[in-house]
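1. Here is the input, now give the coordinates:
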Amino acid sequence: MKKLNPSVVVSCLMLLAACATTPETTQNPASNSAPEPEQPKELAATPFPINTLYDLLVGDIALTRGQFDVALPKYVAQARQTRDPKIIEVASRVASHMRDHQASIEMALLWVAVEPDNPQSHNFALQTYVLQGDGLNALPYAAWLYQHYDDLEAFLVVTSIYAGHNFGNMDNGKVTNSDEQRSAQIGELIAAYQNLDLPLEKQATTLLASAILHRDNAQLANAERLAKEFLLAAPDNQRGLLLLAQVLHQLDRIDEAVLLIADSLRRKPEARKLRLQYARLLTITDRDLALSQFQILHNQNPSDQEVNFLLALLHLNHGDIAQATALFELTASQPSLSADSHYHLASIADRQGDITTAMGHYRQVRFGRNYLAAASRVTVLLSQRNNVATARQYLRRLRKEQPEQSVGLFQIESNLLISSNQPDQALSILTDGLSAFPNDVQLLYARSMVAERQDNFALAERDLRALIAQDNNNAIALNALGYTMILHTDRLEEAHQLIKKAYLLNPGDPATIDSMGWVLFRMGEPEQALTYLKKAMSIMPDPEIAAHLGEVQWSLGDSDSAMHTWNQGLQQVEDHKTIVTTMRRLGAELETITPEISESQL
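-> Below is the predicted model:
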């Protein structure tokens, strides 16, 4: 059963008390005399019939017991019957807490009808439609709050209410609308904003709202045009300036965005949000100037930990380790920045060889994007300082503490075992992971790769086909299965079809391009294979690709190019197994390499 915040319960009880009595007199607010001793007195007369009072009493008792499913229908029924604003407010808040969307809408509309000039009723109606992802119905209430109470935040929040956004239409917590529906909803919202009847002095704000929506709909030219129109009416409006700068950035016109904000700062040097955006943009174009801008922000407010964190990153990038460390130590106290700050402090200590300090900071990374990287590094350090068993024990403890990270932690343990030359144990731990998380995409792929290295093609194929069964357009799994077939079977035509589909789905992936070239070579098409393999090598000069390209060049009689290609790969990884094995099989001697190879030969 859901628990309601105690403060909400108290508020509801106070509201009910107000509903149940109608005091005839009030104390003089100017009187400061001590209160008279309490005397017995009669209860004030109530305007409600007995059945109403009974329902309110039942609802009151149910509310104090946390039985909200019992309380809600009582309040709703009496809200309908009495149309009393206080009862409607209680019913509205309980319906919202229960996430009863139908009751929330009914109470919101009733509340506005009964108290059309109460901003609380309009605000509740707005919130109700926001939670249901209904921007069109939310907008009139947002516009009313903006028109009568100058609530710009309420007016612009509706720009976030469409499918696929944080407030998208929900079905059991999942956005169900397609991209087409999302785009259509944004279009409807733009039209609704433009059709609002607002006072002349507030009409320009609809341009800002429309520009935000056009940006979110990837209609950047329209967003730029509307943002500029808005700024003609409100030249120094920070929201408009920030929006236009973001749009220019998205249009890859970063220099224009920088100039826009720089010009605005000359007129409003105290505008902190503008300076922060300016500093962020400069991290792309001029990091030295960005550093000076972040330093200004830091000097203005040394306790702004988000600025301190970004400043620390810039100092780290400039090699100012001492200053970066001092700032990261400050930002580590901020809960939202703690994990990333400790990770950077750990990395600094790690590079300096202070392993004890590094491990202390790595262990403080308990959430966030660097959690698995930190856990992986602690695992490696524990295996080096102690043994693999200690590292595995650490990972088991983490899985108990952070079960939601278990999939990644199983993979880290598998990688540890592989690096420790224990592939059988790696396969076993991934199987344990799949027992706990059946059909997990990451674990299936990881186990297929380990199985392939163990020459267990049957298991590798089974896992990869399980991935493809979940998503038959999984280009990575399609390519992996096709390439694995080339290595372990003579099913070349089937492998070709799998790799071809992967290539069509992801034509820019160098691993898939390499597979395409290699399967064509194995099928007796070396000239076609050469084109693909050259392309793959130009994108990613990897030793494995070099082994394949060199063999195709050798087979076509171009031994000089082949030797040069293999040498390229060996310069990256000395004694690379595939290259060395290929050269020995073909009888190629590395000493015969001709270093002067023109680009045209490649």
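2. switch to C-alpha atoms for all contacts and neighbour counts from now on
-> Noted.
3. remind me which residues of the stretch 1-150 of the chain are low pLDDT?
-> Along the stretch 1-150 of the chain, the parts satisfying pLDDT under 70 run over 1-47.
4. cool, and the chain?
-> 1-47, 163-178, 590-602.
5. Excluding chain neighbours, give the residue nearest to the residue most central in space within it in space.
-> Among the residues of the chain, the one closest to the centroid is Arg369, at 10.0 Å (Cα atoms, centre = their mean). Excluding the flanking residues, the one nearest Arg369 by Cα to Cα, 6 or more residues apart in numbering is Asp340, at 7.9 Å.
6. who touches the strand or helix carrying the one you found?
-> Assigned by DSSP states H and E, Asp340 belongs to helix 335-351. Here helix 335-351 makes contact (Cα atoms under 8 Å, 6 or more residues apart in numbering) with 306, 309, 321, 325, 328-329, 331-332, 355, 357-362, 364-371, 374.
7. where does Asp151 fall, phi/psi-wise?
-> Dihedral pair for Asp151: phi -90, psi 90, per degrees, to the nearest 10.
8. I'd like the distance between it and Ala245.
-> 24 Å (Cα to Cα, to the nearest Å).
9. Which one's more surrounded, the two?
-> Using other Cα atoms under 10 Å, the more surrounded residue of Asp151 and Ala245 is Ala245, with 27 against 14.
10. Same question for the helix or strand containing the more buried one: list its buried residues.
-> Element membership for Ala245, per DSSP H and E: helix 238-250. For helix 238-250, burial by neighbour count (16 or more other Cα atoms under 10 Å) applies to 238, 240-249.
11. what about Pro235, how many neighbours?
-> Counted with other Cα under 10 Å, Pro235 comes out at 13.
12. Just the element for it, please.
-> Counting by DSSP H and E, Pro235 is part of no helix or strand.
13. Let me see the contact set for it.
-> Neighbours of Pro235 in contact, by Cα under 8 Å, 6+ apart: none.
14. for it, phi and psi?
-> Dihedral angles (degrees, to the nearest 10) for Pro235: phi -60, psi -30.
15. distance of it from Leu207?
-> Pro235 is 13 Å from Leu207, by Cα to Cα.
16. Could you do Ala113 as well?
-> Taken as Cα to Cα, the span from Ala113 to Leu207 is 30 Å.
17. out of the two, which sits in the more crowded spot?
-> For Ala113 and Leu207, the more surrounded residue by other Cα under 10 Å is Leu207, and the numbers stand at 23 against 14.
18. So the more buried one sits against Glu224, correct?
-> No - applying Cα atoms under 8 Å as the test, Leu207 and Glu224 come out as separate, 10.7 Å apart.
19. which residues of the stretch 251-400 of the chain fall in helices?
-> For the stretch 251-400 of the chain, the helices defined by DSSP state H, counting those that start in this stretch cover 254-267, 272-285, 287-300, 305-317, 321-331, 335-351, 355-362, 371-385, 388-401.
20. just how off-centre is the fifth one within its chain?
-> In this case it means helix 321-331. 26 Å (Cα atoms, centre = their mean, to the nearest Å).
21. And the third one, by the same measure?
-> Relative to its parent chain, helix 287-300 has a centroid offset of 27 Å by Cα atoms, centre = their mean.
22. can you give me the strands in this protein?
-> 170-171, 174-175 (DSSP state E).
23. ok so, going back, got the buried residues of helix 238-250 as TSV, with distance to Val90 columns?
-> Shown next, in TSV, are these (distance: Cα to Cα, whole Å):
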residue	distance to Val90
Gln238	39
Gly240	39
Leu241	42
Leu242	40
Leu243	39
Leu244	43
Ala245	44
Gln246	42
Val247	44
Leu248	47
His249	47
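24. Show me the two of the residues you listed that sit farthest apart.
-> Gln238 and His249 (16.3 Å; Cα to Cα).
25. From Arg366, how far off is the closest residue to Thr325 other than its chain neighbours?
-> Spatially, and ignoring its direct neighbours in sequence, Thr325 is nearest to Leu345 (6.4 Å; Cα to Cα, 6+ apart). From Leu345 over to Arg366 the distance is 14 Å, taken as Cα to Cα.
26. And the two? Which one has more around it.
-> Leu345 (25 against 20).
27. ok so, going back, can you tell me what sits against the helix holding Ala245?
-> By Cα under 8 Å, 6+ apart, helix 238-250 touches 208, 212, 215, 220, 223-224, 227-228, 230-231, 254, 256-258, 260-261, 273-274, 277.
28. number of nearby residues for Arg267?
-> Quick note: Arg267 (other Cα under 10 Å) scores 10 neighbours.
29. Check Gln300 too.
-> Neighbours of Gln300 (other Cα under 10 Å): 12.
30. likewise the one 10 residues further on?
-> The burial count assigned to Leu310 is 22, neighbours taken as other Cα under 10 Å.
31. Please apply the same query to the one 5 residues further on.
-> Using other Cα under 10 Å, the number of residues around His315 comes to 20.
32. OK, contacts around it?
-> So His315 contacts 291, 321, 323-324 (Cα under 8 Å, 6+ apart).
33. repeat that with 6 Å
-> Residues in contact with His315 (Cα atoms under 6 Å, 6 or more residues apart in numbering) are Ala324.
34. now swap in Asn472 and tell me
-> Applying Cα under 6 Å, 6+ apart, no residues contact Asn472.
35. And it, how far from Ala446?
-> 18 Å.
36. ditto for Ile418
-> 12 Å.
37. could you check the distance from Arg462 over to Leu444?
-> Relative to Leu444, Arg462 is positioned 9 Å away (Cα to Cα).
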